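1. here's my sequence, what's the structure:
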Amino acid sequence: MKLSLAQPAFAAAAYLSYGAAALAVENLTDLTHNDPFFYTSDQNIKADNNVKVLLGIGRPNRTHSQIPHLPVYMGYMNTNSTYRFVNIAEQVFTMIGEGKHGLWRVQENGNVRLYRRRNAEGIQPGSDLYAEEAVKKIGNEYGYYLEDESWSGYKYPDEKLSESGNLNYIDVPITHPIFKGKYANHEPIDLSNWYCTMSGNDFPYAKKAMDFAFSQDAANQIGPLGKRAGLDVKENYLNVLRLDHFPDAKSWVNVGQEGKDTSFVEWKAIDTSKTHVEYYLVERTFFNKPYLFLTAVYDNLNNADHQYVRPDGAYYASLTDTGKLKTEVTMAPRFNLLGGSEGEAIGLPIYGVHHPNRAVFGGGGACPLKGGDWGRYPDTAGGAGWPTQYEEVTPLCDAVLLDIKFYTNLDGRSWNDPNKYLANAGFGTETVTYKMQPGEYGVFTDDYHTSKGIKNPDSQQVPEKLELTYPAVSEPVGYNEPPAGNVMLGMIPSEQSTCRPVLAKN
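-> Have a look, this model is predicted:
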């Protein structure tokens, strides 16, 4: 294998040390070769080059108009041999995957599940979780994400007690003292969200891109619907990135074929001017390992079908003005459709329309048909998601399909801003001096014009220096450095990859 001089030294070392297979993995986990400015890697401004006045000596890091270069990242993820690609350029994040990907409905119940740390004593069943000593013990001995314990940090629903008889996990509302009041004024969590799995655990081939994206100003900025779905509860959602659809991408709801039974399916486009929606790419732990999920939060302008709070438990007791809350689940919520009509969502008893043969994984293939902890699915006691979700808010598997074609501005600033990207940004002044070769420019010399005495009205004498004054000065688009982290190999995309773990029958 030949290695060009442009390839980083570590790539050559990896190849010589580990062979082609190791190099392939290294390249896939970081497609930029650990250089998000790779696009200038072949440039080197010499001291005798006049361009040094504009770009400096060495590898350039800015444009001729003094605007800093921005990093570029590329990554991908998959489930079921279906791939989604994320790219970052000019602080614009794009995510392109497949059209009409199936979603499941879930709803947060206002709680956080905390797991007992390895070797911790734990709390006895029946303890007062609000007692001062218990609150201290919870803080020291339990956590929502036990990063150093990998898969073993998760405990199945049937593993509630440790060998010593203490609690392996506890559920506390977001108003519990352990959270020190940070959710004291939180809106009632009364909206469901519809989600789908985008990656395997640790998303190794998208991690560099996602670590960068989650470090930018637009990350963890949750809209009003997202807050009502609980997406800002950091203990449940580690990172959140709000996305916008490209103009031709849509949400679709299965309303069935008129006059036929539910095995005859038909998805129609949702009118998001009447059924409002917010889309997010979220990082959340699943079996105590981080995954990426897409989620959509819907709410109708003309009814409360997507709203619900269970009128029971510590979270409900912590809410004020509960009389305004909807306390009955709408089992088949309506959506407003393009064209003016409404349609009730019809869920399917199958796992998903893109999953025709789950039996090859040793089990599964059916919709769980209830909310709650995934647990030991395909055991029929398994739920559709996480232990922090209502059982009675059923998943309605693939009632909603989503086009995976999204973007967002990572700096949080729209390109509609008339001052963003103006050429004076790099200078930081309203007035910019331009230097050029002077002379009279634009004189017509074509016989057609000279024979008729026609002169160019735009012709003028251009001076050696000329100043332009812009209406305002906007800072150049910048970025935040992501944290230094190791790329974990996690679940390697292959023909064996699947959407969430499958536990084969014993």
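2. residue contacts, the residue lying closest to Gly365 once chain neighbours are set aside?
-> Leaving aside its chain neighbours, Gly365 sits nearest to Arg358 (3.4 Å; criterion: CB to CB, 6 or more residues apart in numbering). The C-beta positions use only the backbone N, C-alpha and C, and glycine is treated the same way. Contacts for Arg358 were tallied using CB atoms under 8 Å, 6 or more residues apart in numbering; they are 351, 364-365, 378, 502.
3. what is the nearest of those residues to Gln461?
-> Closest approach between the contacts of Arg358 and Gln461, by CB to CB: Tyr351, at 74.4 Å.
4. show me the strands in the stretch 351-500 of the chain, by range?
-> With DSSP state E, counting those that start in this stretch applied, the stretch 351-500 of the chain shows strands at 400-402, 405-409, 431-435, 439-441, 460-462, 465-469, listed in chain order.
5. wait, which of those is closest to Pro311?
-> Between Pro311 and the strands of the stretch 351-500 of the chain, the shortest gap by CB to CB is with strand 400-402, which sits at 26.3 Å.
6. partners of the residue positioned nearest the centre of the chain in the sheet?
-> Averaging the C-alpha coordinates of the chain gives a centre point, and the residue nearest to it by CA atoms, centre = their mean is Leu281 (2.1 Å). Following DSSP bridges, Leu281 is listed with bridge partners Leu241, Leu294.
7. do you know how far it is from His306?
-> Leu281 sits at a distance of 20 Å from His306 (criterion: CB to CB, to the nearest Å).
8. which residue ranges of the stretch 1-150 of the chain form helices?
-> 9-18, 20-29, 52-55, 132-141 (DSSP state H, counting those that start in this stretch).
9. and stretch 209-228, what's its mean pLDDT?
-> Along stretch 209-228, the predicted local confidence has a mean pLDDT of 98.
10. what residues of that stretch count as buried?
-> 209-216, 218-220, 222-223, 225-228 (16 or more other CB atoms under 10 Å).
11. what do you get for stretch 307-315?
-> Residues 307-310, 314-315 are the ones in stretch 307-315 that count as buried (16+ other CB under 10 Å).
12. next, format those residues as JSON lines and append distance to Phe286.
-> Putting those into JSON lines (distance: CB to CB, whole Å) gives the following:
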{"residue": "Gln307", "distance to Phe286": "26"}
{"residue": "Tyr308", "distance to Phe286": "23"}
{"residue": "Val309", "distance to Phe286": "25"}
{"residue": "Arg310", "distance to Phe286": "23"}
{"residue": "Ala314", "distance to Phe286": "24"}
{"residue": "Tyr315", "distance to Phe286": "22"}
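13. now those as a markdown table including secondary structure?
-> Written out in a markdown table, the entries for the buried residues of stretch 307-315 read as follows (DSSP: H, G, I helix; E, B strand; the rest coil):
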| residue | secondary structure |
| --- | --- |
| Gln307 | strand |
| Tyr308 | coil |
| Val309 | coil |
| Arg310 | coil |
| Ala314 | helix |
| Tyr315 | helix |
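14. which one of those residues sits closest to Gln437?
-> For the buried residues of stretch 307-315, the nearest to Gln437 is Gln307 (67.7 Å; CB to CB).
15. give me every residue that touches the closest one.
-> Gln307 makes contacts with 190-191, 299, 325-326, as judged by CB under 8 Å, 6+ apart.
16. rerun at 10 Å
-> The neighbours of Gln307, taking CB atoms under 10 Å, 6 or more residues apart in numbering as the test, are 107, 188, 190-192, 228, 299-300, 325-330, 333.
17. who wins for most neighbours among those?
-> Each of the contacts of Gln307 was scored by neighbours using other CB atoms under 10 Å; the highest score is Ser192's, at 30 neighbours.
18. thought that residue was touching Leu396?
-> Yes: look at Ser192 against Leu396 with CB atoms under 10 Å: they come within range, at 9.4 Å.
19. sorry, back to before: quick check: the residue nearest to the centre of the chain touching Leu241?
-> Yes: A contact is recorded between Leu281 and Leu241 when judged using CB under 10 Å, the distance being 4.7 Å.
20. what touches both of the two?
-> When CB under 10 Å, 6+ apart defines a contact, the residues bordering Leu281 and Leu241 alike are 86, 93, 95, 210, 213-214, 219, 292, 406, 408.
21. can you list these in CSV and add distance to Asn424?
-> What follows is the shared contacts of Leu281 and Leu241, written out as CSV (distance: CB to CB, whole Å):
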residue, distance to Asn424
Val86, 32
Phe93, 26
Met95, 33
Met210, 33
Ala213, 28
Phe214, 31
Ala219, 29
Leu292, 39
Phe406, 32
Thr408, 26
